[in-house]
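Colleague: Predicted structure and sequence below. I'll ask about it afterward.
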Amino acid sequence: MSQQLLINASVTDFAPLFGTLDYAFKGLKQTGINGVEIVIGIKSRWSVKRLRQLSEKYALPIASIHQPIWSGLDLSFDEQFVAIAKELGTKIVVFHPLSGVPFDHPHMQKYLQRLSLLQEKKGITVCLENLPTKYNVKLVNYFLPPDKSTTDIIKLFSAVKQYGLKATLDIDHLRIPAP
């Protein structure tokens with residue numbers, strides 16, 4: 001049985017910072033990708049209606065919704081964006097491991113258990129995404145550097161299996177010269 005590798009690209013609040021969503025979708029469509037992942041943000045233009053229109057206009061399905069930055073940095077656990085995922089026609093919601101917290105730490109285990117329960121309660125698929133070894137924003141690295149265990153793919157897959165989640169591989173986060 002053969003499976004096709006699906007490639008999706010993330011659309012965030014910050015890239016392109018001064019570009020329009022239309023510009024982002026048009027450019028992504030030209031690359032030949034399969035779909036987009038929407039990283040929930042704070043800009044007022046991130047409306048469900050507008051995202052649906054762009055998805056239809058460029059025939060780019062919204063494959064997943066990514067947790068907001070504040071949720072990924074453990075500043076606030078935000079469940080509200082799960083409803084946006086369903087409104088946009090996807091049941092796939094992507095989360096990061098907590099930054100700076102090892103997989104074997106009780107706080108991380110409580111977080112992963114919460115994701116597992118959220119998946120069950122909301123009828124969604126929770127995907128855990130690998131973290132980069134360093135963030136592009138130096139200030140975030142200073143205050144919340146990623147723990148080495150959360151950048152280790154084998155440890156990520158082990159956590160995913162343990163908590164009944166799925167995985168998202170962000171190739172930009174790998175930044176390694178060999179597989």
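Modeller: Now that the structure is in, tell me what you want to look at. None of the values given here were measured: they were computed from a predicted structure.
Colleague: alpha carbons only for contacts and neighbour counts from here, please
Modeller: Fine.
Colleague: Okay, now the unreliable bits of the chain?
Modeller: Across the chain, the ranges flagged by pLDDT under 70 are 1-2, 13-18, 42-46, 70-76, 78, 135-137, 141, 173-179.
Colleague: Let's see that with 50 instead.
Modeller: The chain contains residues with pLDDT under 50 at 44-45.
Colleague: Could you name the helices and strands sitting against the top helix by length along the chain?
Modeller: Longest helix in the chain, counting residues (DSSP state H): helix 106-122. The contact analysis (3 or more CA pairs under 8 Å, 6 or more residues apart in numbering; DSSP states H and E) places helix 106-122 against strand 125-129, helix 153-163.
Colleague: quick check, distance from whichever helix or strand residue 93 is part of to the centre of its chain.
Modeller: If you go by DSSP states H and E, residue 93 is part of strand 92-95. How far strand 92-95 lies from its chain's middle: 5 Å, per CA atoms, centre = their mean, to the nearest Å.
Colleague: and the direction of the longest helix of the chain versus that of helix 153-163, what angle?
Modeller: 50 degrees (axes from the mean of the first three to the mean of the last three CA atoms, to 10 degrees).
Colleague: neighbouring contacts of helix 106-122?
Modeller: Contact partners of helix 106-122, identified using CA atoms under 8 Å, 6 or more residues apart in numbering, comprise 82, 97, 98, 101, 102, 103, 124, 125, 126, 163, 164, 165.
Colleague: Quick check on the fifth one: phi, psi?
Modeller: Think residue 102. phi -70, psi 150 (degrees, to the nearest 10).
Colleague: who's in contact with it?
Modeller: Residue 102 neighbours (CA under 8 Å, 6+ apart): 108, 147, 148, 149, 150.
Colleague: and residue 133, that's in a strand?
Modeller: No: counting by DSSP: H, G, I helix; E, B strand; the rest coil, residue 133 is not part of a strand but coil.
Colleague: these two touch, right, it and residue 149?
Modeller: No: Residue 133 lies out of contact with residue 149 (CA atoms under 8 Å); the separation is 9.8 Å.
Colleague: taking the contacts of residue 102 one by one, which sit in helices?
Modeller: residue 108.
Colleague: So which of the contacts of residue 102 wins on neighbours?
Modeller: The most crowded member of the contacts of residue 102, judged by other CA atoms under 10 Å, is residue 150 (24 neighbours).
Colleague: give the contact list for that residue.
Modeller: By CA under 8 Å, 6+ apart, the neighbours of residue 150 are 97, 99, 101, 102, 103, 130, 131, 156.
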